[in-house]
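Asks: Got a predicted structure plus its sequence, pasted below:
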There are 2 protein chains.
Amino acid sequence: MKITLDQYDYKILHILNENSRLSYAEIGRKISLSQSATKERVLNLVENGVIKQFGVEIDFSKLGYGLQVVMSLKFRNDEFKTFLDNLSKFPEILSCKRITGEYCLVAECILSDSSHLENLIDRLIPYGVPTTSVQLSEVKVDNFFKHLM
Amino acid sequence: MKITLDQYDYKILHILNENSRLSYAEIGRKISLSQSATKERVLNLVENGVIKQFGVEIDFSKLGYGLQVVMSLKFRNDEFKTFLDNLSKFPEILSCKRITGEYCLVAECILSDSSHLENLIDRLIPYGVPTTSVQLSEVKVDNFFKHLM
DNA sequence: TGTGAAATTTAATGGCG
DNA sequence: CGCCATTAAATTTCACA
């Protein structure tokens, strides 16, 4: 089901996307709406499921995890489901996307160094064949919201 | 430069990762610390660059963008830099990672339907050869923080 | 670094256009 | 849907340990 938003909602999403800790009052000021109205809209966006979560972006390299890799996985016969059930054994995997194509899963991994990577690969082998690409840099864009408005 | 955090900081990161809109007072309650001390720690994490941003996760399918793809790009000779300079022309690209390997860039794209995808591919062709995988599902895990503590 | 307290600002609620 | 007014709660600032 598609949810229809207006300009206020798009502006709120745009503002929260850049700083989700702003107070309702401050968001309201930016979009010329009272704090009560702003709050109700934010809560509605959460209730509707448009906003899935208020999170935080972390620079893992500052925590001693200077190696980030994109891992593609080609699973053995029926190991896909088993792998998902055992995801908690792989704390270094931040997120997994199931995708179409030869490699049916792509995972973002946070590692301290190459020996950590070797260790991860060894633990993945039972499930399938991993292919590793080292992440050199990342650009996050937020034109999407501007584009909607 | 690596930054050393203690248990309080890791707990704060874990809590903020799940809900970045919690008040300092509430975070403080969860970790048995005063609101002033909690606030100072959060501000330090931001100042240190450990926290890059407080953001929001959005369910784009609810906004009419039901097709999410992972696009790998193999660039023509010198088009990589040109592409990055022109990223603003591609609002449907949420993030790009430069990676090692044959495909030197992998991008997350938000699209309304297959004709939107076709349009995107046409606009990408001048820069390089795109390979598209449709994203079927995604799992975000947050064992990473628990693992640190 | 952390705590506690006072002044200011927000959040939450309910009644009303 | 949004505004305003009221009460409760959180933030800010600062003195002190």
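Replies: Yes, it's here. Numbers count the residues shown, from 1 in each chain, chains lettered A, B, ... in the order given.
Asks: Helices along chain A, start to end?
Replies: Assigned by DSSP state H, chain A shows helices spanning A:7-18, A:24-31, A:35-47, A:79-85, A:114-124, A:143-148.
Asks: Need these in CSV (columns: mean pLDDT, mean neighbour count and distance to B:Phe90).
Replies: Any C-beta I mention is one placed from the backbone N, CA and C, and that applies to glycine too. Shown next, in CSV, are those (pLDDT from 0 to 100; neighbours: other C-beta atoms under 10 Å in any protein chain shown; distance: least, C-beta to C-beta, whole Å):
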stretch, mean pLDDT, mean neighbour count, distance to B:Phe90
helix A:7-18, 97, 19, 17
helix A:24-31, 97, 16, 26
helix A:35-47, 97, 16, 25
helix A:79-85, 94, 14, 31
helix A:114-124, 98, 14, 31
helix A:143-148, 87, 16, 8
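Asks: can you put these in a markdown table and add distance to B:Gly66?
Replies: Shown next, in a markdown table, are the helices of chain A (distance: least, C-beta to C-beta, whole Å):
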| stretch | distance to B:Gly66 |
| --- | --- |
| helix A:7-18 | 17 |
| helix A:24-31 | 27 |
| helix A:35-47 | 18 |
| helix A:79-85 | 22 |
| helix A:114-124 | 31 |
| helix A:143-148 | 15 |
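Asks: among these, which is nearest DNA strand D?
Replies: DNA strand D sits nearest to helix A:35-47 of all the helices of chain A, at 3.4 Å, using C-beta to the nearest atom of the strand.
Asks: packing partners for that closest one?
Replies: Judged by 3 or more C-beta pairs under 8 Å, 6 or more residues apart in numbering or on different chains; DSSP states H and E, the packing partners of helix A:35-47 are helix A:7-18, helix A:24-31.
Asks: neighbouring contacts of that helix?
Replies: A:8-9, A:12-13, A:16, A:23-25, A:27-28, A:31, A:33, A:51 (C-beta atoms under 8 Å, 6 or more residues apart in numbering or on different chains).
Asks: Those residues: which ones sit near DNA strand C?
Replies: Residues of those in contact with DNA strand C (C-beta under 7 Å from any atom of the strand): A:23-25.
Asks: Return the closest of the contacts of helix A:35-47 with respect to chain B.
Replies: A:Leu16 (4.5 Å; C-beta to the nearest C-beta).
Asks: Looks like the closest one contacts A:Glu26 (just checking).
Replies: No - counting by C-beta atoms under 8 Å, A:Leu16 stays clear of A:Glu26, with 11.1 Å between them.
Asks: can you list the domain ranges for chain A.
Replies: According to automatic domain parsing, chain A is divided into the following domains: A:7-47, A:60-134.
Asks: List the contacts of the residue nearest the centre of chain A.
Replies: Centroid check for chain A by C-alpha atoms, centre = their mean gives A:Ser95 as the closest residue, at 6.8 Å. Contacts for A:Ser95 (C-beta under 8 Å, 6+ apart) come out as A:107-108, B:138-141.
Asks: export the ones next to DNA strand C among the contacts of helix A:35-47 to a markdown table and tack on distance to B:Ile99?
Replies: Listed next are these as a markdown table, based on distance: C-beta to C-beta, whole Å:
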| residue | distance to B:Ile99 |
| --- | --- |
| A:Ser23 | 38 |
| A:Tyr24 | 39 |
| A:Ala25 | 42 |
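Asks: What pLDDT is listed against the residue of chain A most remote from its centre?
Replies: Ranking residues of chain A by C-alpha distance from their mean position (C-alpha atoms, centre = their mean) puts A:Ser34 at the top, at 30.9 Å. For A:Ser34, the model assigns a pLDDT of 95.
Asks: Contact partners for the closest residue to it other than its chain neighbours?
Replies: Distance criterion C-beta to C-beta, 6 or more residues apart in numbering or on different chains; nearest residue to A:Ser34, sequence neighbours excluded, is A:Gly28 at 5.8 Å. Residues in contact with A:Gly28, defined by C-beta under 8 Å, 6+ apart, are A:34-35, A:37-38.
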